[in-house]
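Engineer: requesting a structural model of the entry that follows:
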Amino acid sequence: MAVGSVGAMTFAEAPAGPARRARLALPVVFGLLGVSLAAALAMVWFRVPVVEPSSVPWLLGLAAAIVAIRLAGSRPGLTEQHEVALFWANLALAALAVWFAPAFGLYLFIGYVEASRFSSRLQRVSGVVAVAFVIAIAQVGGPRSVLFTPIVYSLFAGVNLGVTGLMIALDRQRERMFTDLSRANAELRAEQHRSRLLQEQLVAQAREAGTTEERSRLSREIHDTVAQNLVAIIAQLDVAASETDPRERDRRLAVVETAAREALDEARRAVRALASPRLDDADLALALDDLLGQWREASGLGGELRVEGRAEASGHDDVLLRVAQESLANVARHARARRADVVLAYGRGGVTLTVEDDGVGFDPSARLEGFGVHGMHERLARIGGSLVVESVVGAGTTVRAVVPGADSALPGVLPSAVAEGGAA
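Structural biologist: Numbering: from 1, shown residues only. Okay, here's the model as predicted:
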């Protein structure tokens, strides 16, 4: 009884699934075969009635044949069809050995494990059922035992088949679980692939949207600066071409030259806006200091940078850098100032950039023209920041931009008094 239970348990513990299991090591197989043969010979020596002395030559011959089959089955590159054929040949020889000596039921335990290796369900089921029937012969003590009766044998065989059937059901359940898990993994990999494609698409769309917005901003700036200067140049050239007075013609050409130089300056400024100082290898303070130094050299004006608070990246340093670039360019172009100072202040609510000049200022009630301030407004509004432009005629202009910090968010765009002139 215990033999059938242990054998069936061995089969149940073998992992199920489409992947084929590894072969049993030859030392294990030959060890069980040797123990079974030794037990059979011991029964003969001690005259146990279930084993006849005359069966010893048969047992030795069957053991040698089993060894030969095992050696043939250990060759590399053996196909499953050959393994199935060798399994049934081994089972037939083992069944004869059990008939002569029930101790060979010990060796037959491995039949459960070997049958479970087959990829065909029919071969697996028929193999374990055949092993269960043969082991039942060993369990009742062989054909010379007093227990070898149809009733007792049927009882042992039925128990073996019941346990084997349970193990087959568990094996089938494991196969289904393995299949479901494989399908779920495949679906997960497909979903991850779709998510990756969607993420790449969103990134590409965001990059395209940013590029479109930047092109729109630059086109508006070029329209209000370079294009207007070119229109003025063409108009002056038309008048100069029809002018008969040499002095007036020279004056007109001087105006054209001035307008052309201004147009060139505006074009260069637009190009520089496309390649603002990099923040990749430096923090915002260093980038602003570099920008201010270039601006002082180009404009001939004075200016200093002051940093307040503990500097840390806000996640929107590039926006503040572009605001500073735009504000300084407006000071050089319109303010007629002697200097412009930049203050970078870090606080709990965010980061504040202030650009203050001592120029002529402007009337805050004047109508806005151009897109410089509008462009800064749009940049800051997209990240939840704010822009305030303050100016007094004759007392200069102050531009103040605020962006949320890395761990804070502004509730919205703060109200701002905006007009263009001075730093605008």
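
Engineer: after the host helix or strand of A63, which helix or strand is next?
Structural biologist: Element membership for A63 (DSSP states H and E) is helix 56-73. Heading C-terminal from helix 56-73, the first helix or strand you meet, by DSSP H and E, is helix 80-100.

Engineer: for the next helix or strand after that following helix, enumerate the helices and strands it packs against.
Structural biologist: Remark: after helix 80-100, the chain's next helix or strand is helix 110-115, criterion DSSP H and E. Contacts defined by 3 or more Cβ pairs under 8 Å, 6 or more residues apart in numbering; DSSP states H and E place helix 110-115 against helix 2-13, helix 26-45, helix 80-100, helix 121-139. In this view, the C-beta of every residue, glycine as well, is placed from N, C-alpha and C.

Engineer: at 10 Å instead, please
Structural biologist: helix 2-13, helix 26-45, helix 80-100, helix 121-139, helix 150-222 (3 or more Cβ pairs under 10 Å, 6 or more residues apart in numbering; DSSP states H and E).

Engineer: now do the same contact list for the closest residue to P143 other than its chain neighbours.
Structural biologist: Nearest residue to P143 in three dimensions, chain neighbours excluded: W99, at 6.2 Å (Cβ to Cβ, 6 or more residues apart in numbering). When contacts are counted by Cβ atoms under 10 Å, 6 or more residues apart in numbering, W99 touches 55, 58, 62, 134, 137-138, 142-144.

Engineer: so the nearest residue to G309 once chain neighbours are set aside, which of the three states?
Structural biologist: With sequence-adjacent residues excluded and distances taken as Cβ to Cβ, 6+ apart, G309 is closest to Y346, at 3.3 Å. Look at Y346: counting by DSSP: H, G, I helix; E, B strand; the rest coil, its state is strand.

Engineer: same deal with the one 5 residues further on?
Structural biologist: The three-state label for V351, taken from three-state DSSP, comes out as strand.

Engineer: then the one 3 residues further on?
Structural biologist: Going by three-state DSSP, the secondary structure assigned to T354 is strand.

Engineer: what about it, distance to A324?
Structural biologist: Using Cβ to Cβ, to the nearest Å, one obtains 10 Å as the distance from T354 to A324.

Engineer: likewise D171?
Structural biologist: 72 Å.

Engineer: out of these two, which sits in the busier spot?
Structural biologist: Remark: of D171 and A324, A324 carries more neighbours, 28 against 21, as counted by other Cβ atoms under 10 Å.

Engineer: what packs against the helix or strand that contains the more buried one?
Structural biologist: Taking DSSP H and E as the criterion, A324 maps to helix 317-330. Here helix 317-330 touches helix 150-222, helix 246-274, helix 284-299, strand 340-347, strand 350-357, helix 372-382, strand 386-391, strand 397-403, going by 3+ Cβ pairs under 10 Å, 6+ apart.

Engineer: mean pLDDT and distance to L41 added to those, as a markdown table?
Structural biologist: Output for those, formatted as a markdown table (pLDDT from 0 to 100; distance: least, Cβ to Cβ, whole Å):
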| stretch | mean pLDDT | distance to L41 |
| --- | --- | --- |
| helix 150-222 | 84 | 25 |
| helix 246-274 | 74 | 95 |
| helix 284-299 | 86 | 91 |
| strand 340-347 | 92 | 92 |
| strand 350-357 | 93 | 92 |
| helix 372-382 | 82 | 92 |
| strand 386-391 | 90 | 99 |
| strand 397-403 | 93 | 92 |
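
Engineer: so which of those is nearest V44?
Structural biologist: helix 150-222 (23.4 Å; Cβ to Cβ).

Engineer: I'd like the next helix or strand past the closest one.
Structural biologist: Next element after helix 150-222 (DSSP H and E): helix 228-242.

Engineer: how far off centre is the helix holding A324?
Structural biologist: 36 Å (Cα atoms, centre = their mean, to the nearest Å).

Engineer: so it versus strand 397-403, what angle?
Structural biologist: 170 degrees (axes from the mean of the first three to the mean of the last three Cα atoms, to 10 degrees).

Engineer: and the angle from helix 317-330 to helix 150-222?
Structural biologist: Using the same axes, to 10 degrees: helix 317-330 against helix 150-222 is 0 degrees.

Engineer: and helix 317-330 with helix 372-382, angle?
Structural biologist: With the same axes, to 10 degrees defining the directions, helix 317-330 sits at 170 degrees from helix 372-382.

Engineer: quick check: mean pLDDT of helix 317-330?
Structural biologist: Averaged across helix 317-330, the pLDDT comes to 86.

Engineer: how about it: buried residues?
Structural biologist: 317-330 (16 or more other Cβ atoms under 10 Å).

Engineer: now for V48: which residues touch it?
Structural biologist: Going by Cβ under 10 Å, 6+ apart, V48 touches 39-40, 42, 101-103, 141, 144.

Engineer: mind checking which of these are buried?
Structural biologist: Counted by 16+ other Cβ under 10 Å, the contacts of V48 give 39-40, 101-103, 141, 144 as buried.

Engineer: show me which of the buried residues of helix 317-330 is closest to L253.
Structural biologist: Once Cβ to Cβ is applied, the member of those that ends up nearest L253 is A329, at 27.7 Å.

Engineer: can you add pLDDT and give the contacts of V48 back as a markdown table?
Structural biologist: Shown next, in a markdown table, are the contacts of V48 (pLDDT from 0 to 100):
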| residue | pLDDT |
| --- | --- |
| A39 | 92 |
| A40 | 91 |
| A42 | 93 |
| A101 | 93 |
| P102 | 94 |
| A103 | 92 |
| G141 | 91 |
| R144 | 90 |
